[in-house]
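J.: Model the structure of this input:
(chains A, B, C and D)
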2 protein chains.
Amino acid sequence: MKDTKLPTIKEIAKQLNVSVSTVSRALHDHPGIGLRTRMRVQQLAQQLNYEPNQTAIFFKQRRTFTIGVVIPNLKEEFFSQAIDGIEETASSNKYSVLISQSKDDLERERRIITTLKNNRVDGIIVSLSKQTTTYDHFTALKKYNIPVVFFDRVPSLPDFNKVYSNMNSGTREAIEFLIEKGHRRIGVLNGPEQMRSSKERTETYKQILIKRRLKIDMGLVAHTDLTRESTWKAMQDLLSQRPRPTAIVAINDYIALDAMQYARQQRLKINKDICFVSYANLPITSYLENPPMASVEQYPYDQGAQAAGMLINILSEEEKPTRPDEPETFQNIVINGQLIIHGKR
Amino acid sequence: MKDTKLPTIKEIAKQLNVSVSTVSRALHDHPGIGLRTRMRVQQLAQQLNYEPNQTAIFFKQRRTFTIGVVIPNLKEEFFSQAIDGIEETASSNKYSVLISQSKDDLERERRIITTLKNNRVDGIIVSLSKQTTTYDHFTALKKYNIPVVFFDRVPSLPDFNKVYSNMNSGTREAIEFLIEKGHRRIGVLNGPEQMRSSKERTETYKQILIKRRLKIDMGLVAHTDLTRESTWKAMQDLLSQRPRPTAIVAINDYIALDAMQYARQQRLKINKDICFVSYANLPITSYLENPPMASVEQYPYDQGAQAAGMLINILSEEEKPTRPDEPETFQNIVINGQLIIHGKR
DNA sequence: CTGTTAGCGCGTTCAT
DNA sequence: ATGAACGCGCTAACAG
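T.: Down below sits the predicted model:
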């Protein structure tokens, strides 16, 4: 009962006194196989519970119908939702998904890429580690014909396939929303200064204030390194400005929550003394007594699904006959972050 | 530059005028290979960027160093945290992780199992779909020597490897905690009646009240099918009891949050008019203005890590010589759900 | 110490 | 309509 040998086409062939190739063809409904023998083969296969050995097929076909995924971590809901989207579109296209976490460690990211390559995944989806600023371990994959699609945390260079969300429109919507609500002193609780998205956010902020002819006060732009302590410190700065800001745009929901805690400690009433708008739109916010007034949704599930779709698309393009050295092209999907206004409850 | 052939041991062998087996051995630091040739081989391998073709190895070795994981979904934080734990211990043992979602659909679960089997994963970790009440698709795996470890949603039968949390002790702690806080009318917002854990919870509840010589009122035990509507309905029942319960034990954090919303709508002050204790301890609760007073932590990350550890352990046991038909044994790890008391803020 | 050889299971020519 | 034979890349048994 233990190592029962699994049935192989050879086994079937022997029992039926035909050749293995006949069996192989019959199982694939190859035209030009006697209806009669085909039936016999398929029936026996069924009866023996024959299932093709994928590892052999992978090996022979040089493809594995497997997509490798590299993300910084699975803890953040953003990423697990992205994986959800990836897994969903992958599996409905008969692909499997191999997952690894870089833990925001560049070395680990490199190792993972090597492993995935050796495992002969057909393609790779990546959201970069925070440390990553060089891309040689990805460009190297071209030699092996393994396409890569980045999402969310994408390289700034143009020559990669990417899916990411453009926060500019969302930021604009958010700030204009606040202005229309009557806010004139709007603070920005921004991320680390070196991050591109932080710079963009500040830039957008200034543009809008200028357009609306409101005074710009850079004291209202604070930065956090995303730790709670740092966020509180930044909040302290913001709240000490005079006149005090009446609304704050926070870089993401977690940060907003930390900021709101701080504000509450300072005896400020959320949504009354001070309003919050943030990015990401975590489901949890709907359970808060006083949630942020609005959030810029980044659609992680969609980003994942789109990335997987793009990759699978590229993979199936590859099957077609390669025309003589056509120039390499890169795909780019930009998802517009959109402002979701939360109903009062 | 396109389909550049990857270097193989054969290639290396040719260039060095040695046999492939010599190369293979040299690369594996096989004892009894001339230091000299070993060096030459390893150096050339390095130089050619040689990397073994894992698909060939998988095929030949009949193992893939891959663990299949089947969970109902990735949306719930509980599961993504479990995956996190699985991935972490798997990768530190050189295993990869192949993930699929059953979407609580039995048919899908079956198909996934078949696919994983054909992909020759070395073992499988499963958290059952809600629909699953038969286990033939799992028992069938024994024939293929693919061990299975269940976690969290485990079969009730004894002959499986499992990791799950025992909620009894946590339930007891929770209720006694409330009693000590002075509560005498404690409601239970329980899950579907047919669920084993629901029955256990009710049972434990009664036992404790008896032990503490408190009156048992089954009107204080309500059931929800986990939808928000159903939860609100159950809350309506509970709150209409007289005297009204002053505390409620909810089956999990999500349900507790729904229940708290309902209570708030009824103008009850959380943690004042009515207290909540729940299971799971989602990180979000720490951001609530009035979080549940306490939660029974179920340690999803640990459950995942333990399950992976158990599976890898079983896999490495298998390598050892099989003693003559020793009786099959099953491993069982029970994690005690533990009551975490949340600090007031 | 090293080479030769035989598969692993499958798909794929090339014959017939 | 079917079969024979080859090879994918690697490991391991068997020979020297």
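
J.: so who does residue A:248 touch?
T.: A:186, A:187, A:188, A:189, A:238, A:256, A:259, A:274, A:275, A:276, A:277 (C-beta atoms under 8 Å, 6 or more residues apart in numbering or on different chains). C-beta here means a position set from N, CA and C on the backbone, and glycine is covered the same way.

J.: out of the residues you listed, which are inside helices?
T.: Using DSSP state H, the members of the contacts of residue A:248 that fall in helices are A:238, A:256, A:259.

J.: what's the burial count for the closest residue to DNA strand C within the stretch 201-345 of chain A?
T.: Using C-beta to the nearest atom of the strand, the single residue of the stretch 201-345 of chain A nearest to DNA strand C is residue A:319, 11.6 Å away. If you count neighbours by other C-beta atoms under 10 Å in any protein chain shown, residue A:319 ends up with 8.

J.: Can you give me the separation between it and residue A:53?
T.: 23 Å (C-beta to C-beta, to the nearest Å).

J.: okay, now the domains of chain A?
T.: A:9-52, A:64-165+A:300-334, A:166-297 (automatic domain parsing).

J.: DNA strand D: which of those domains is closest?
T.: domain A:9-52 (3.0 Å).

J.: Identify the residue spatially nearest to residue A:301, adjacent ones excluded.
T.: Nearest residue to residue A:301, sequence neighbours excluded (C-beta to C-beta, 6 or more residues apart in numbering or on different chains): residue A:85, at 4.0 Å.

J.: Report the angle between the one helix or strand that neighbour maps to and helix B:77-91.
T.: Using DSSP states H and E, residue A:85 sits in helix A:77-91. Counting by axes from the mean of the first three to the mean of the last three C-alpha atoms, to 10 degrees, helix A:77-91 points 80 degrees away from the direction of helix B:77-91.

J.: How about residues contacting helix A:77-91?
T.: A:67, A:69, A:71-74, A:96-97, A:99, A:125, A:127, A:151-152, A:280, A:282-283, A:298, A:300-309, A:312, B:73-75, B:77, B:80, B:83, B:99-101.

J.: Just the buried ones from these, in PyMOL syntax?
T.: Buried residues within the contacts of helix A:77-91, by 16 or more other C-beta atoms under 10 Å in any protein chain shown, are selected in PyMOL with:
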select buried, (chain A and resi 67+69+71+72+73+74+96+97+99+125+127+151+152+280+282+298+300+301+302+303+304+305+306+307+308+309+312) or (chain B and resi 73+74+75+77+80+83+99+100+101)
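
J.: Can you pull out the low-pLDDT segments for the stretch 1-150 of chain A?
T.: Within the stretch 1-150 of chain A, the stretches with pLDDT under 70 are A:1-4.

J.: Tell me the residues on it that lie near DNA strand D, please.
T.: A:17-22, A:25, A:31-34, A:36-38, A:59-60 (C-beta under 7 Å from any atom of the strand).

J.: Run through the residues you listed and flag the ones next to chain B.
T.: Restricting these to those near chain B by C-beta under 8 Å from any C-beta of the partner chain leaves residue A:59.

J.: ok, residue A:41 - how many residues close by?
T.: A total of 25 residues lie near residue A:41 under the criterion other C-beta under 10 Å.

J.: Please, where are all the helices along the stretch 101-250 of chain A?
T.: Taking DSSP state H, counting those that start in this stretch to define them, one finds helices in the stretch 101-250 of chain A at A:106-118, A:136-143, A:167-180, A:196-211, A:228-240.

J.: Make TSV out of those helices and add mean neighbour count.
T.: As requested, those are exported to TSV (neighbours: other C-beta atoms under 10 Å in any protein chain shown):
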stretch	mean neighbour count
helix A:106-118	19
helix A:136-143	15
helix A:167-180	19
helix A:196-211	16
helix A:228-240	18
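
J.: Of those helices, which is nearest residue B:251?
T.: Of all those, helix A:228-240 sits nearest to residue B:251, with 29.9 Å by C-beta to C-beta.

J.: If you count contacts, what does that closest one end up packed against?
T.: strand A:186-190, strand A:221-223, helix A:253-265 (3 or more C-beta pairs under 8 Å, 6 or more residues apart in numbering or on different chains; DSSP states H and E).

J.: next one: that helix to chain centre, how far?
T.: Helix A:228-240 sits 30 Å away from the centroid of its parent chain (C-alpha atoms, centre = their mean, to the nearest Å).

J.: Then stretch A:209-223?
T.: 32 Å.

J.: Could you pull out the buried residues of that stretch?
T.: Within stretch A:209-223, the residues that qualify as buried are A:209, A:220, A:221, A:222, A:223, counting by 16+ other C-beta under 10 Å.

J.: Next to chain B, which bits of the stretch 101-250 of chain A? Give me the list.
T.: Near chain B, when you scan the stretch 101-250 of chain A using C-beta under 8 Å from any C-beta, you find A:101, A:114, A:115, A:117, A:118, A:119, A:120, A:143, A:144, A:145.

J.: Including distance to residue A:291, could these go into CSV?
T.: As requested, these are exported to CSV (distance: C-beta to C-beta, whole Å):
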residue, distance to residue A:291
A:101, 30
A:114, 44
A:115, 41
A:117, 44
A:118, 46
A:119, 43
A:120, 46
A:143, 49
A:144, 47
A:145, 47
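
J.: quick one: which of those is nearest residue B:246?
T.: Among those, residue A:101 lies closest to residue B:246 (C-beta to C-beta), at 44.0 Å.

J.: Confirm for me that the closest one is in contact with residue A:69.
T.: No: counting by C-beta atoms under 8 Å, residue A:101 does not reach residue A:69; the two are 9.5 Å apart.

J.: which residues are in contact with the lengthiest helix in chain A?
T.: Across chain A, the longest stretch assigned as helix under DSSP H is helix A:300-319. Residues outside helix A:300-319 that contact it (C-beta under 8 Å, 6+ apart): A:67, A:77-79, A:81-86, A:88-90, A:93, A:95, A:122-125, A:145, A:147, A:149-152, A:161, A:163-165, A:331, A:333, A:335.

J.: Done for today, thanks.
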